[in-house]
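Trainee: please work out how this folds:
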Amino acid sequence: MSYFKHHVFFCCNQRQGGETSCNDHGASAMQVYAKERTAELGLKGKGSVRINKAGCLGRCDDGPVLVVYPDNVWYTYVDKDDIDEIINEHLAHGRIVERLRLADPA
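Mentor: Numbers count the residues shown, from 1 in each chain. Modelled structure (predicted):
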């Protein structure tokens, strides 16, 4: 059994030279929000959810992005409402949010 039921990584990469990056879309702020929100909902900690920052996850062109492990589900998002939906549906109830899900790279 895994220490965490879900481990969520937010790409918080900031590229140089004008290249698109997840942090251009507020990824760091959304990561902090998700961390605080999961704590408020009692979803944080051993056996539940861990929210982490990550460097480049290699999908900044699809960004902003986050990935939920061990489910290997990649999401994009726009605002706190999208983050709330991912938390409430996927992390709390195990239902993938298809409208925010990124296609698996072929």
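Trainee: contacts only, for the residue nearest the centre of the chain.
Mentor: Nearest to the geometric centre of the chain sits residue 66, at 3.1 Å (CA atoms, centre = their mean). Counting by CB atoms under 8 Å, 6 or more residues apart in numbering, residue 66 touches 8, 9, 10, 11, 31, 34, 74, 75, 77, 86. C-beta here means a position set from N, CA and C on the backbone, and glycine is covered the same way.
Trainee: list the beta-bridge partners for it.
Mentor: Under DSSP bridges, the beta-bridge partners of residue 66 are residue 10, residue 75.
Trainee: what about it, distance to residue 3?
Mentor: Applying CB to CB, to the nearest Å, the value for residue 66 to residue 3 is 19 Å.
Trainee: next one: residue 41
Mentor: Note on residue 41: its distance to residue 3, by CB to CB, is 19 Å.
Trainee: neighbour count winner among these two?
Mentor: residue 41 (15 against 10; other CB atoms under 10 Å).
Trainee: now do the strands in this protein.
Mentor: 6-11, 49-54, 65-69, 73-76 (DSSP state E).
Trainee: remind me which residues of this structure are low pLDDT?
Mentor: 1, 106 (pLDDT under 70).
Trainee: quick revisit: could you identify which of the contacts of residue 66 has the most neighbours?
Mentor: residue 10 (28 neighbours).
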